[in-house]
Structure formats: C-alpha cells, structure tokens
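Chemist: next come a sequence and a model predicted from it.
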Amino acid sequence: MWWPTTMTLSEFLNWLCIVQLISGVMSVDTSSLQALLSPGARIDSDASQSPRWSEYKAPRPGSVVHPATEEDVQITVKWAINRSVPFLVQNGGNGWATTFKLDQTGILIHLDQLRSVTFNSNNTQATVEGGALISDVVAAAAAHSALVLTGTCNCVGALGAMLGGGFSNLMGQYGLAVDNFVSLNLVKPNGEAVTVTPRNAGLWWALRGAGPNFGVVTSAVLKAYPVPASRLSAWTGPLVFQPAQLEPVVRAIQNLTLAPEMALSLNFINQAGSPIILTTVFYHGTEDTGRAAFKSLFDIGPIADSTAVQPYAAWNDGSNGPCVKGGRRPNWGVGLASMDPGSWRDVYDVWAELIKWPSAENSSVLMNLLPTDKARSLPDSSSAYPFRSTVKMFAVFGAFYRDPAFDATAVSYGQRARRLWQATDGLAQHSTYINNAFGDESLQTIYGNSLERLRQLKEQIDPEGRFNEWFPLS
C-alpha cells in the first residue's frame, strides 16, 4: 500500500479512515455505544430493518439505534455528539421530506421501542412516549373513555405529527395538537435532558411547530378529555363521486360552514383503473345530524355512500391501506385559504395524466378541511406553527411508484400541480404545512412569520446545528 512519505503509517491510516467516513465507504462503529445502553436497547447495522414510508430521498444511515428507555436516547445523543457522528431521529418513519442528508457515516435513532401511552387517575392527561404511533394513542384513549388529539393516519408517529402543528378530526372542539401539550421531555442539542413547560418560554414556543430543529422529544404530557360512552363514536365514512362531479363537489366544500364537530377530506384515487373522487365526511355526533350538516354533498348525488357510526378506535381505519411502507412517494403540499373549482379541475387533469403511467397508477391527491375557529382563538404568535389566521385547508399531491428512473417525471407532475394550487390559494404569501412540505420550498413558505424568531432561538439553543435534517433553520 502506498502512503505519502511525509506521513507515518499511523497518521496515514487515520487519514484514510477519515476519507472513508466522508465518502460513505466506512460506516460508523457503534460497538462502544451498545455497552452504554440498557439491556433492552439494540443496534442494527442493516437500516432496511427500519423502513420508511417513502424511499425517495430517504436517509441512508450506517446503523440504527433502538433505545429501550428515554435515558437511552440521551446516552445515544451524547455519544454521537462526543464523536461528531451525525444523527437523525425517527418515530413512525412517514416523513417524505427531501432535506435528509444522513448517510453511512451517521446513525438513525429509531424510537420504535418507546411506545407506551399512560393516563393520570382522572384521565385528563395522557403521557405519550416518543415512538408511539397514532394507533397506539387512539387505542389507549378509547380504553380510558377519553379523547386525545391525533392525526387521522394510524401508522404515523403521534408526537412527530403533533410537533408540526397537529391537525385532528377533533380540532374544531379542542384546537391544534400544539395547543394541547402540557409538558415535553426533551434531549437538547447539547445532550442535556430537560422537561419543557410554558415557563421555558423560548423552547416551549419553538418546539410547538418546529420541534425537530431543537432536540429529541422523548415523551410528552397531553391534555385528554374524558367523555361518556356516547361520545366515543362518530358518524364518518366515504362518499364516492364521479370525476365529472368534481366542480360541484369543490363548490359544495368551499361553501360549507364547518361546525366544531365536523371535518372533511377530499381524495383523488385510482380504484382498479377507474379514477374516483372520494370525500370522507366526519361528524362527532349522530348520523341524522351529520347527514344534515353535509346535505350539500349528498344533494350532488354520490354514486356510493359508505358512511356509518363508528367507534373511536375505528375512526382512522380508512387510512390503513396507504400505511404500507416502501416504494417512492414524493409529495407536494400547499396551504389554501379557499378552493377554486377551475384550479382543482386542472390539478385533476395533471393527476389523471400521471396515473396513466404504468409505474404510477397508485398516485393520489388529498385535501383536509377542518374547522379553525378554536385554533384561531389563539394568536399566530402563541406557537411556532404560523398559519392559524390564514390557512383553512391543506392539499397534497402524491406520486407513488417504485422505479428511481421515474423520479424526474414524478417531480415534474408534482411541481405542476403545486403551481396550479398556488395560483389561486387566496393567500398573500404561499404557505405549506411543514409535515406536508416537499423540501424545495423557501423557509418563509414553511415557517411563515415565525422564521426570524426561530432562527434566533436556533443560534442560542443549537449553535452547532446538530439538528439539521428536517427543514433545517441553519
């Protein structure tokens, strides 16, 4: 073997190790970390054992650490800091952002063993560990005859979704998820473990909307709402429309006045080769009241009606199909103040063209409309989530395929759809929900008027930029 004559053999081997680490040839050695962790923790050298929902632009770690305790998370972060090892935290693995840069020189801290959900004695608070999925929280809440704000997709990490803002079918009654935190257990960028409450003004504000930039939330205490058995059910389910009915459906949705008990989603789905418009309605009450509230949609004449009164534990069951992981799933999200029927027809045409490709027939479109009055009762400045007073709904254009050779084509479709929505978004400034963003947006589009304060806090709390994978501020 050749080495520069000005180096000793030992110096050359050290230099070679650094070069290999930088190039990704050599993955990080985690043997010293395993000895520090609790007996239940494990480390996998095969990252495929911790799959992500989308393989497009996914992180490629050298090892995956599965902590068994919250203390294990702190130990792992300190170990990584002391060795300048890059790291990224994952709970559900459903993020599709393109901002990940973790490679073989770094580790993924997967919280999948931290999934407990417990309640206090009167069921007014729930303690949720960092790896708990939405399905875990819903099941535990139902068992305690209490309601807890979660997203509507069972397989998504509960706290990850909440820290971005947190939209829920119960949002009209209880506000955003970020408004329902009581406290947060956090491993800070310096490795210190702290409990964050409203008394920690800066961190408390920043975590609730931009949490992944400021540390690892290992658990959180959330407000819970005890209810009688009659409130543990809702009338919900899909109404199916033909594509020709899209404009009337959009107009009906645009003109709906949502009561606090209501929620709605709109999907474009390719069902066995036949495109359909699917509107899922939700009413936290009786079927008669729900049907009256959504009468304008029924008046259009859906071709199928699968609504029914469902128990709390089944409210999210319609999301279980898309929860299957694997494949390439880039998504483009936009915030909207209103819906323009012409723009939605144009987006439909883009989507209908995309699904004709043999590799992309399962691509889809999603829009969520939720009542915002409760969330807007607090000012935008109450948390880092910035769009309470402006955005009424979020739409997502999602490509789904498996061949990496299709990436550029998929991106062209997604960007076209996004431009069409943005042209009629009804906003003074384009926005997107951070949990739905693609990764090429400006930070202003993602963080809105919170951006400048977030950057200042980032300089104070994480000057080294150790948390720099999720729409990084620095």
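Modeler: Alright, I've got the coordinates.

Chemist: for Pro311, what are phi and psi?
Modeler: phi -70, psi 150 (degrees, to the nearest 10).

Chemist: tell me which other helices or strands whatever helix or strand Asp349 lives in touches.
Modeler: Secondary structure assignment for Asp349, by DSSP states H and E: helix 341-354. Counting contacts by 3 or more C-beta pairs under 8 Å, 6 or more residues apart in numbering; DSSP states H and E, helix 341-354 packs against helix 246-255, strand 364-369, strand 393-398, helix 407-423. C-beta: built from backbone N, CA, C; applies to glycine.

Chemist: which one, of these, ends up nearest to Gly93?
Modeler: Gly93 lies closest to strand 393-398 among the helices and strands packed on helix 341-354, at 16.2 Å (C-beta to C-beta).

Chemist: quick check: mean pLDDT of the closest one?
Modeler: Averaged across strand 393-398, pLDDT comes to 98.

Chemist: and what of stretch 426-445?
Modeler: pLDDT averaged over stretch 426-445 gives 97.

Chemist: so how far is it off the chain centroid?
Modeler: 14 Å (C-alpha atoms, centre = their mean, to the nearest Å).

Chemist: for Arg42, which non-adjacent residue is spatially closest?
Modeler: His66 (5.0 Å; C-beta to C-beta, 6 or more residues apart in numbering).

Chemist: distance of Asn190 from Gly62?
Modeler: Using C-beta to C-beta, to the nearest Å, Asn190 is found at 23 Å from Gly62.

Chemist: looking at these two, which has the bigger crowd around it?
Modeler: Taking neighbours as other C-beta atoms under 10 Å, Asn190 and Gly62 compare with Gly62 leading, 22 against 14.

Chemist: hmm, Ile75 is touching Leu37, no?
Modeler: Yes - in terms of C-beta atoms under 8 Å, Ile75 counts as a neighbour of Leu37; the distance is 6.2 Å.

Chemist: re the thing from before, from what I can see the residue nearest to Arg42 touches Leu108, true?
Modeler: No - judged on C-beta under 8 Å, His66 makes no contact with Leu108 at a distance of 9.4 Å.

Chemist: okay, and the common contacts of these two?
Modeler: Residues touching both His66 and Leu108 (C-beta atoms under 8 Å, 6 or more residues apart in numbering) are Ser50.

Chemist: check what pLDDT the closest residue to Val85 other than its chain neighbours gets.
Modeler: Sequence neighbours aside, Val28 is the residue nearest to Val85 in space, at 5.3 Å (criterion: C-beta to C-beta, 6+ apart). Val28 is assigned a predicted lDDT (pLDDT) of 87.

Chemist: tally of neighbours for Val28?
Modeler: 19.

Chemist: do Glu441 as well
Modeler: 19.

Chemist: just the endpoints, please. Distance across stretch 371-389?
Modeler: 12 Å (C-alpha to C-alpha, to the nearest Å).

Chemist: I misspoke; the intended subject was stretch 57-69.
Modeler: 29 Å.

Chemist: for Asn200, give me its contacts.
Modeler: Val194 are the contacts of Asn200 under C-beta under 8 Å, 6+ apart.

Chemist: for it, phi and psi?
Modeler: Torsion angles, degrees, to the nearest 10, at Asn200: phi -90, psi 70.

Chemist: likewise His66?
Modeler: Per degrees, to the nearest 10, the backbone of His66 is at phi -110, psi 90.

Chemist: and the pLDDT at it?
Modeler: So His66 comes in at 97 (pLDDT).

Chemist: then the one 5 residues further on?
Modeler: The score at Glu71 is 98. That number is its pLDDT.

Chemist: repeat that for Ala142.
Modeler: Taking Ala142 on its own, its pLDDT is 98.

Chemist: that one and Gly321: what is the separation?
Modeler: When Ala142 is compared with Gly321 (using C-beta to C-beta), they lie 21 Å apart.

Chemist: one more: Leu111?
Modeler: 25 Å.
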